[in-house]
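Give me coordinates for this.
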Amino acid sequence: MEVGFLGLGIMGKAMATNLLRNGFRVTVWNRTIAKCQELVALGATVGDTPASVVAKCNYTIAMLSDPAAALSVVFDKSGVLEQIGNGKGYVDMSTVDAATSSKISEAVKQKGGAFLEAPVSGSKKPAEDGQLVILAAGDKDLGAIANPVFKLKGPTMLQGSYNPAFPLKHQQKDMRLALALGDENAVAMPVSAAANEV
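Down below sits the predicted model:
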């Protein structure tokens with residue numbers, strides 16, 4: 001699969017590297033072109049502009065520094081909007097404010113593209129290790145969830161089978177241990193307390 005990647009800072013470089021190592025063909029773009037060379041050595045190709053990356057790839061990921069950069073890559077000349085359209089998805093993994101995500105989402109959808117906002121929890125090391133937690137929302141057709149719990153429990157849930165695999169009394173024991181730790185450290189845990197009462 002051909003994937004586009006816009007933004008090769010600390011996070012983006014690590015994420016694009018993992019895509020390459022896992023067999024994806026990756027076309028990269030960065031405002032400072034020199035940052036692309038290390039990925040070229042790993043097999044990436046370089047796009048001249050964000051628009052050229054989107055033109056080549058069905059899915060394009062952006063990992064940019066701030067809302068201004070996220071908006072610029074989409075709306076400026078030779079930006080994402082010039083080539084996004086039906087059958088193409090845009091995934092913005094930058095951490096931005098809600099208004100920025102909404103503006104980008106509306107613009108991408110008006111052109112017929114699909115959009116996900118997908119900021120990540122984690123920094124350089126988790127990015128390099130492929131262990132980032134992705135907080136995704138948007139068009140359901142654009143992204144499956146690779147959650148280990150879903151893989152384990154999903155098939156039985158689809159069958160309507162909810163056979164217990166762990167006694168409730170042990171679950172509550174774990175909850176009481178967590179609440180006790182909170183008490184010891186003077187940390188309020190209202191949700192845990194309510195769950196324990198239920």
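
which helix in the chain runs the most residues?
Secondary structure of the chain per DSSP state H: the longest helix is helix 168-184.

just how off-centre is that helix within its chain?
32 Å (C-alpha atoms, centre = their mean, to the nearest Å).

Give the rounded mean pLDDT of that helix.
Summarised as a single mean, pLDDT over helix 168-184 is 92.

So which residues make contact with it?
Here helix 168-184 makes contact (C-beta atoms under 8 Å, 6 or more residues apart in numbering) with V187, A188, M189, S192, A193, A195, N196. From N, CA and C alone the C-beta is placed, and that goes for glycine too.

Just give me the closest of those to K88.
Closest approach to K88 among the contacts of helix 168-184 (C-beta to C-beta): A195, at 42.1 Å.

Quick check on that closest one: phi, psi?
phi -60, psi -40 (degrees, to the nearest 10).

same for the host helix or strand of A99, what does it pack against?
In the assignment (DSSP states H and E), A99 maps to helix 98-110. Counting contacts by 3 or more C-beta pairs under 8 Å, 6 or more residues apart in numbering; DSSP states H and E, helix 98-110 is packed against helix 67-75, strand 89-92, strand 114-117.

quick one: which of these is nearest L135?
strand 114-117 (8.3 Å).

Okay, now the sheet partners of the closest one, with direction.
Here strand 114-117 has these sheet partners by DSSP bridges: strand 89-92 (parallel), strand 137-138 (antiparallel).

How about residues contacting it?
The contact list for strand 114-117 (C-beta under 8 Å, 6+ apart) reads 88-92, 96, 101, 104-105, 108-109, 136-139, 141-143.

Let's see that with 10 Å instead.
Residues from elsewhere that reach strand 114-117, judged by C-beta atoms under 10 Å, 6 or more residues apart in numbering: 58-59, 61, 70, 74, 84, 86-96, 98, 100-102, 104-109, 134-143.

now the residues you listed: which count as buried?
59, 61, 70, 74, 84, 88-96, 100-101, 104-105, 107-108, 134, 138-139, 142-143 (16 or more other C-beta atoms under 10 Å).

which residues sit against the worst-scoring helix or strand of the chain on mean pLDDT?
Across the helices and strands of the chain, mean pLDDT, DSSP states H and E gives its lowest value to helix 148-158, namely a mean of 83. With contacts defined as C-beta under 10 Å, 6+ apart, helix 148-158 is touched by A144, I145, N147, S161, Y162, N163, A165.
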